[in-house]
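Novice: Just need the structure, nothing else, for what follows:
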Amino acid sequence: MKPMTFKTFSLAIAVIFISCSNDKKQTELTKQTAQIKSDILIEKSAFLPTGNDAFEEQTLSLSGKTILEATATLKVVDEEGKEVSCVSYPAKKLIHQEYSTANSALKEAHIREVVENYFEDPNTLAYLE
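Specialist: This is a model prediction of the structure:
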């Protein structure tokens, strides 16, 4: 083998080994994924007057794995962002008396409806208070 051919062949082999051994290329960025796990199933908020031209934000949220096993949390925050109160109950307490014997699909649909309309009817507000 001629010296020039041997040098070219050696250079080609070296380039192949170097390029194959470089698993982490500088052009590749490390992939970072952040999984945000939120167990909030349903949430409804409203700004309600407290008197004296002041308002507070009330938020009803259901959190858990399923609606029927969820925890209902009613949180009240004043205009300044300070938490006034926060109470938690089993979401099943939101089921009205007439749905107490319904099947689980109807109960779940009813709880969804109660949460969606929670701040529409002032009589409903007593369920978690």
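Novice: Lys93 contacts Ala72, doesn't it?
Specialist: Yes - here Lys93 reaches Ala72: they are 6.8 Å apart, a contact under C-beta atoms under 8 Å. Placement of C-beta: from N, CA and C, glycine included.
Novice: Could you check which helix or strand contains the nearest residue to Ala102 once chain neighbours are set aside?
Specialist: Take Ala102 and drop its neighbours on the chain: the residue closest to it by C-beta to C-beta, 6 or more residues apart in numbering is His110, 7.0 Å away. If you go by DSSP states H and E, His110 is part of helix 104-116.
Novice: tell me what that helix is packed against?
Specialist: Judged by 3 or more C-beta pairs under 8 Å, 6 or more residues apart in numbering; DSSP states H and E, helix 104-116 is in contact with strand 40-51, strand 54-63.
Novice: who touches it?
Specialist: Helix 104-116 has contacts (C-beta atoms under 8 Å, 6 or more residues apart in numbering) with 42-44, 60, 62, 66-68, 72, 91-92, 94-96, 99, 102, 124, 127.
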